[in-house]
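Participant: how does the following fold in three dimensions:
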Amino acid sequence: MTAFIPFRVSPRTDIPRPKNALPVAGSAHVWWRDESAAQNPVCRARIMAPRVILPSLPTDRPLVMGIVNVTPDSFSDGGTADTLHSALARTRALVDAGADILDIGGESTRPGASVVPLVDEIARTAPVIAAIRAAGITTPISIDTRKAAVAEAALQAGADIVNDVSALTWDPDLARVTAEAGAPICLMHAQGTPQTMQSDPRYGDVLHEVYDYLARRMDYAVSKGIHPERIITDPGIGFGKTVQHNLTLLQGLALLHSLGAPILLGASRKGFIGAISGVQKASARMPGSLAVALAAAAQGAQIIRVHDVAETVQALALWRALTTAEDGK
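Facilitator: Numbers count the residues shown, from 1 in each chain. Okay, the predicted model is just below:
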């Protein structure tokens, strides 16, 4: 396995910054100062380097990924964008609200969800992506799927990124499809499948076990021809985790910068927010989702995947203003 030394970065956003402050993954807002890691030039370079996801996307601020679930049964918004017309309308709304990336999914992976037949998932997603491109919308598109054939159809229709909640464990051929397309791929940690993942998740040390798992999956992806700079990581909030597991991962999220890959954080409206806040209705968890988004931004996450794009874009705009030095440094 590649030697991804897990240095625990202590991210900071306060100003003024000391002269020896170092950027976290190219961020203009999050910095660190850790003498032990800074003495290791390889680790220092890995933690400091900007994370390029696509050439058209900025690297100095968190990106907002807007969710478009073309499914009848997603946990929060199932059935709201499950026709071509409604999906295109939602896409336009997310773009107008400031989404940097659109994440199109045709199979729910909520706890207990059933596997969607391949032909159905392709029929749900590829036409929507083609319609988005035909409408002249150029915003980068991510296809949220575990399946090679779905990803291939989506990439051909105009998608740019593959978002795989199984980290290439569900369909081994997805690695080939992604490598041949030269597309970025997000590898997410999950314990179990959607049918079993929340039955009784257990870890000895959830943060380091997730870190080690992602390091192994990155090695596997590279062994299958995917360029290391095309890999994105996701700790998999809510995928085989208790409330405390999720909190531990969020509190220690910056550890994943040692992997040298962009971090995607998808916690929007999830169950742990309801468990902590007492809000049972998923669609009413926007305020809690904003709190988590801001916490992830402060840890240096590159992509925040959300349902509530306008609210997240506004919150992050204020966060950026508050974490930018007066002289712009």
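Participant: what does stretch 16-26 contact?
Facilitator: Contact partners of stretch 16-26, identified using C-beta atoms under 8 Å, 6 or more residues apart in numbering, comprise 9, 11-12, 30-33, 38, 44, 47-51, 59-60, 254, 257, 262, 300, 302, 325, 329. Where you see a C-beta, it was placed from the backbone N, CA and C, and this is true even at glycine.
Participant: tell me the first helix or strand C-terminal of the host helix or strand of Val119.
Facilitator: In this structure, Val119 sits in helix 118-134 according to DSSP states H and E. Per DSSP H and E, the first helix or strand lying C-terminal to helix 118-134 is strand 141-144.
Participant: I'd like the average pLDDT over that following strand.
Facilitator: Mean pLDDT, strand 141-144: 98.
Participant: list the neighbouring strands of that strand plus their orientation.
Facilitator: Take DSSP bridges as the rule and strand 141-144 pairs in its sheet with strand 101-105 (parallel), strand 161-164 (parallel).
Participant: could you list the buried residues of the helix holding Val119?
Facilitator: For helix 118-134, burial by neighbour count (16 or more other C-beta atoms under 10 Å) applies to 118, 121-132.
Participant: find the centremost residue of this structure, please.
Facilitator: Leu264 (2.5 Å; C-alpha atoms, centre = their mean).
Participant: can you give me the distance of that residue to Ala89?
Facilitator: Leu264 sits 25 Å away from Ala89, going by C-beta to C-beta, to the nearest Å.
Participant: where do the helices sit along the stretch 101-250 of the chain?
Facilitator: For the stretch 101-250 of the chain, the helices defined by DSSP state H, counting those that start in this stretch occupy 118-134, 148-157, 173-181, 206-223, 243-251.
Participant: just the angle for the last one relative to helix 206-223, thanks.
Facilitator: Which is helix 243-251. Interaxial angle, helix 243-251 versus helix 206-223 (axes from the mean of the first three to the mean of the last three C-alpha atoms, to 10 degrees): 70 degrees.
Participant: going forward can the numbers begin at 258, since that is how I track them
Facilitator: Sure thing, new numbering starts at 258, so read that last one as helix 500-508.
Participant: tell me the strands beside whichever helix or strand comes after helix 500-508, with direction?
Facilitator: Where DSSP H and E defines the elements, the next helix or strand beyond helix 500-508 is strand 521-523. In the sheet, strand 521-523 lines up against strand 560-563 (parallel) (DSSP bridges).
Participant: mind listing residues that contact the longest strand belonging to the chain?
Facilitator: As assigned by DSSP state E, the longest strand anywhere in the chain is strand 320-326. Strand 320-326 is contacted from outside by 310, 314, 334-335, 337-339, 344, 347-348, 351-352, 354-362, 365, 385, 399, 521, 523, 525, 559-564, 566, 569-570, 573, using C-beta under 8 Å, 6+ apart.
Participant: and the closest residue to Leu513 other than its chain neighbours, how many neighbours?
Facilitator: Setting aside the residues directly before and after it, Leu513 is nearest to Ile520 in space (C-beta to C-beta, 6 or more residues apart in numbering), at 5.1 Å. Residues lying near Ile520 (other C-beta atoms under 10 Å) number 26.
Participant: give me every residue that touches Ile520.
Facilitator: The neighbourhood of Ile520, defined by C-beta under 8 Å, 6+ apart, consists of 489-492, 510, 513-514, 553, 556-560.
Participant: taking those together, which two end up most distant?
Facilitator: For the contacts of Ile520, the farthest-apart pair by C-beta to C-beta is Ile489 and Gln556; their separation is 15.4 Å.
Participant: next, count neighbours for Gly535.
Facilitator: So Gly535, with other C-beta under 10 Å, has 7 neighbours.
Participant: so it versus His484, what's the distance?
Facilitator: Distance from Gly535 to His484, counting by C-beta to C-beta: 45 Å.
Participant: likewise Gly557?
Facilitator: Gly557 sits 22 Å away from His484, going by C-beta to C-beta.
Participant: ok, these two, which is more surrounded?
Facilitator: Per other C-beta under 10 Å, whichever of Gly557 and His484 has more neighbours is Gly557, with 27 against 12.
Participant: which stretches of this protein have low pLDDT?
Facilitator: Scanning the chain with the threshold set as pLDDT under 70 gives 258-262, 291-296, 330-339, 368-370, 449-454, 456, 583-586.
Participant: most tightly packed of the helices of the stretch 358-507 of the chain?
Facilitator: helix 405-414 (a mean of 23; mean count of other C-beta atoms under 10 Å).
Participant: packing partners for that helix?
Facilitator: Here helix 405-414 touches helix 375-391, strand 398-401, strand 418-421, helix 430-438, going by 3 or more C-beta pairs under 8 Å, 6 or more residues apart in numbering; DSSP states H and E.
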